[in-house]
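# Okay, here's the prediction I keep looking at, along with the sequence it came from:
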Amino acid sequence: MQKKFLPLTLGGLGIGITEFVMMGLLPDIAKDLSISIPKAGYLISAYALGVVIGAPLLIMIAGKYPPKKILLSLMVMFTVFNAFSAFAPSFTTLFIARLLSGLPHGAFFGVGSVVASRIAEKGKAAQAVSLMFMGLTIANIIGVPLGTFIGHNFSWRISFAVVVFVGLVTLLSLKLWLPALEAAKNRDLKSELGFFKKRDAWIIVFMISIGTGGLFTWYSYIAPLMTEVAGFSADNVTYILMLAGVGMMVGNFIGGILADKFSPAKASAALLIVMVVTLTIVHFVSGNQVLALIMTFITGAVAFSLAAPIQMLMIQSAKGSEMLAASASQASFNIGNALGAFFGGLPLAYGFDYTSPAYVGAAMALIGSFFAFWLIRNNRSTPGETVAAEGEEKFVMMH
């Protein structure tokens, strides 16, 4: 990896740890703060709400500044608010801290995606974006299991201290290694917001919000799926999550290559169809331990292969509004997180077994693919794909 991309990867690592480690820390936090586990679950929702609020809001406020300055400011916010989480004395203060911690998430990935695209070699913009998302996959392989282990055996507060440390390292690397790009000239916020008046913008938002929800119907309930259906012990869940994380890392690179080789829209459509097939297979084979492990790796790979294509699709569809659009895609991804967990839990509430969320996820991925194909069809009669190519060339020229 080139050194100029390392700050973005580190930022993705810190964000990935703080977003996903909470799921493993809920019992420890609930016990320490004398609350129920379902109430502790609101802390996950608080972070997701922060992402949805902060992604477009912070970009609208800070978009006129140079990207490097924006990223530094966002990482300062991220580090400070996670420090508040580590010292929060009550559920209410921790809820507020988690909400605030989520604010810079989408904006960081939004700005970082545009920066990665601009400093990438020609024809490799999506692969450059995938390097930033690699931080999320490393978080799932190493950071989240480590944070969960620390929380179980020492204190959940130390887990957040680890996040703060990653944030400080990211700040240093941003300062030293990230290229300084110029701020957007003649920025017109009203014109940028006009992107959301376009039909394509909302097709992409719905594609991400519903289609990627298929991932979270599976991932939200992977622990009981593996223990109750596949028959693994609870002690093995950490290693199974690491296997899923390795799959995510592999899929992340594959997605970047596919988006560069074909187009982000075509790659997204194809991968969503593959996700439909994959989740359907999960439903049928999870009772076999070997097949369950194989599908854990494959499903993680397929699900996360969408990260770079959908981010590039949003960027390339928003000439003049790239940062705002890219941050909106992260907000949409977190809406998918919430929708996937909610709809995936419905069949469980009605007494179906833990393979049933996979069917719900397959349906959501299928709906997402319809939106992707709709977008491709629209662009056959409009210069959409041409605009996408010109958008990438514009990033290179600006660099």
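Okay, I see it.
# Where does pLDDT dip in the stretch 51-200 of the chain?
184-189 (pLDDT under 70).
# Could you rerun that using 80?
63-64, 182-193, 195 (pLDDT under 80).
# Please list the outside residues in contact with the host helix or strand of Val162.
Assessed by DSSP states H and E, Val162 sits inside helix 156-177. When contacts are defined by C-beta atoms under 8 Å, 6 or more residues apart in numbering, helix 156-177 is touched by residues 3-4, 6-7, 10-11, 13-14, 17-18, 21, 25, 28-29, 32, 68, 71-72, 75-76, 78-79, 82-83, 85-87, 143, 146-148, 150-151. Any C-beta I mention is one placed from the backbone N, CA and C, and that applies to glycine too.
# same deal with stretch 121-134?
Contacts for stretch 121-134 (C-beta under 8 Å, 6+ apart): 1, 5, 8-9, 11-12, 109, 112-113, 116-117, 119-120, 249, 252-253, 255-260, 264, 304, 307-309, 311-312, 392-393, 395-396.
# go with 6 Å
5, 8-9, 12, 112-113, 116-117, 120, 252-253, 256, 259-260, 307-308, 311-312, 392, 396 (C-beta atoms under 6 Å, 6 or more residues apart in numbering).
# sorry, back to before: only alpha carbons, please: show whichever helix or strand comes after the helix holding Val162 as CSV.
Proceeding N to C from helix 156-177, the next assigned helix or strand is helix 189-193, under DSSP H and E. Output of helix 189-193 as CSV, limited to C-alpha atoms (Å, rounded to 0.1, in the frame of the first residue of the first chain):
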residue,chain,number,x,y,z
LEU,A,189,-24.3,24.7,-1.4
LYS,A,190,-27.7,25.2,-3.1
SER,A,191,-26.3,23.8,-6.3
GLU,A,192,-24.8,20.8,-4.4
LEU,A,193,-28.1,20.1,-2.7
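# Could you check helix 189-193 and say which residues are buried?
Glu192 (16 or more other C-beta atoms under 10 Å).
# repeat for stretch 119-128
Buried residues in stretch 119-128 (16+ other C-beta under 10 Å): Ile119, Ala120, Lys124, Ala125, Ala126, Gln127, Ala128.
# try stretch 62-74
Ala62, Gly63, Tyr65, Pro67, Lys68, Ile70, Leu71, Leu72, Ser73, Leu74.
# Next, the contact list for the fourth one, please.
Applying C-beta under 6 Å, 6+ apart, we find Pro67 in contact with Val111, Val115, Leu181.
# burial of the first one, as a residue count?
Yep, that's Val111 we're talking about. 30 (other C-beta atoms under 10 Å).
# before we move on, what about the last one?
When counting by other C-beta under 10 Å, one arrives at 16 neighbours for Leu181.
# measure the residue lying closest to it once chain neighbours are set aside to Leu13 for me?
Distances taken as C-beta to C-beta, 6 or more residues apart in numbering place Pro67 nearest to Leu181, at 5.0 Å, with adjacent residues excluded. As judged by C-beta to C-beta, to the nearest Å, Pro67 and Leu13 stand 19 Å apart.
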